[in-house]
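1. Below is the sequence, then the predicted model.
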Amino acid sequence: MADKSICRIGIFYDGSYFAYPQRYFYHKRNLGWLSFKPFHSLIESYIRTKEKGYTDYRIVYASWTQGMFTSSEANEYQLRSDRNLQQDLMHAGIEIEYLPNSASNREKGVDVALAPKQV
């Protein structure tokens, strides 16, 4: 394969889907919270092994899409936890997009909302 300079990588997180295992490993297994920058480096390294012929491999775009409840439906701990997550995402350069949850308090359609971004 000819030298193509840089392999550009995009990551699209379904926030709620991703949050379940993250909380599990933090609270139940006491393994700690996932740091996104090292995780992105791991993804770049993995893709380097699978896609040969580039001089560099970089995540050039990452987004986090998640449904959001109103603040009246969340307790103080949840609000603080959400703020910490937002800070982690911002420091890792991940674009955050929240979608309002339905009146039934069920998150619906985040995966559908992600679909147009992936095209």
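-> Structure received. Numbering: from 1, shown residues only.

2. Going by C-alpha atoms from here, please, whenever you check contacts or count neighbours.
-> Noted.

3. mind listing the strands in the chain by residue range?
-> Applying DSSP state E to the chain gives strands spanning 6-14, 56-68, 95-100.

4. Name every strand pairing with the longest one and say which way it goes.
-> Partner strands and pairing direction for strand 56-68 (DSSP bridges) are strand 6-14 (parallel), strand 95-100 (parallel).

5. and the ones you listed, which one's lowest on average pLDDT?
-> Across the strands paired with strand 56-68, strand 95-100 has the smallest mean pLDDT, namely a mean of 87.

6. At the geometric centre of the chain, which residue sits there?
-> In the chain, the centroid-proximal residue (Cα atoms, centre = their mean) is Tyr13; its distance is 3.6 Å.

7. so who does that residue touch?
-> 62-65 (Cα atoms under 8 Å, 6 or more residues apart in numbering).

8. repeat that for 7 Å
-> By Cα atoms under 7 Å, 6 or more residues apart in numbering, the contact list for Tyr13 reads 63-65.

9. can you count the residues close to Thr70?
-> Using other Cα atoms under 10 Å, Thr70 has 9 other residues around it.

10. swap in Arg83?
-> Neighbours of Arg83 under the rule other Cα under 10 Å: 12.

11. go on, Leu99?
-> By other Cα under 10 Å, 15 other residues sit near Leu99.

12. For it, which non-adjacent residue is closest in space?
-> Gly67 (4.6 Å; Cα to Cα, 6 or more residues apart in numbering).

13. With respect to Gly53, which of the strands paired with strand 56-68 lies nearest?
-> strand 6-14 (9.0 Å; Cα to Cα).
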